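> take a look and give me a structure for this.
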Amino acid sequence: MEKKQTNKSWGVASLVLGIIGLISFFAPYLGLPLSILAVISANKQNKINPTGNAEAGKVLGIIGIVVNTVMLFLIFVAIAVFGWAMFI
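Model prediction:
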């Protein structure tokens, strides 16, 4: 009998992107796209073969989207209140 090979690469990619996206909350212009890509990769993996890595990546991606969106909002508010001089 031949073993059915399972492809878990999208799930692993989702997990890695979710972790990096969540860690890079201090730079939301980098973390937000990575978190979005984590959710997309998890959905691709779940269509092929659902894995725990894909679920974890999806959860981390969603948390990353929320955290990075809040941080981006806070940066915009800080720029509006204090101006660009605060970041120089």
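
> show me where the protein dips below the pLDDT cut-off.
Scanning the chain for pLDDT under 70 picks out 1-5, 87-88.

> how does it look with 90?
Low-confidence segments of the chain (pLDDT under 90): 1-8, 25, 78-88.

> just checking, what packs against the helix or strand harbouring Trp10?
Using DSSP states H and E, the element containing Trp10 is helix 9-23. Packing contacts for helix 9-23, counted by 3 or more CB pairs under 8 Å, 6 or more residues apart in numbering; DSSP states H and E, involve helix 28-48, helix 52-82. Every C-beta, even on glycine, is put in place using the N, C-alpha and C of the backbone.

> which of those helices has the highest mean neighbour count?
Neighbour counts (mean count of other CB atoms under 10 Å) averaged over each of the helices and strands packed on helix 9-23 peak at helix 28-48, with a mean of 19.

> for that one, packing partners?
Secondary-structure packing of helix 28-48 (3+ CB pairs under 8 Å, 6+ apart): helix 9-23, helix 52-82.

> include distance to Pro33 when you put these into TSV, please.
Converted to TSV, the helices and strands packed on helix 28-48 look like this (distance: least, CB to CB, whole Å):
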stretch	distance to Pro33
helix 9-23	8
helix 52-82	9
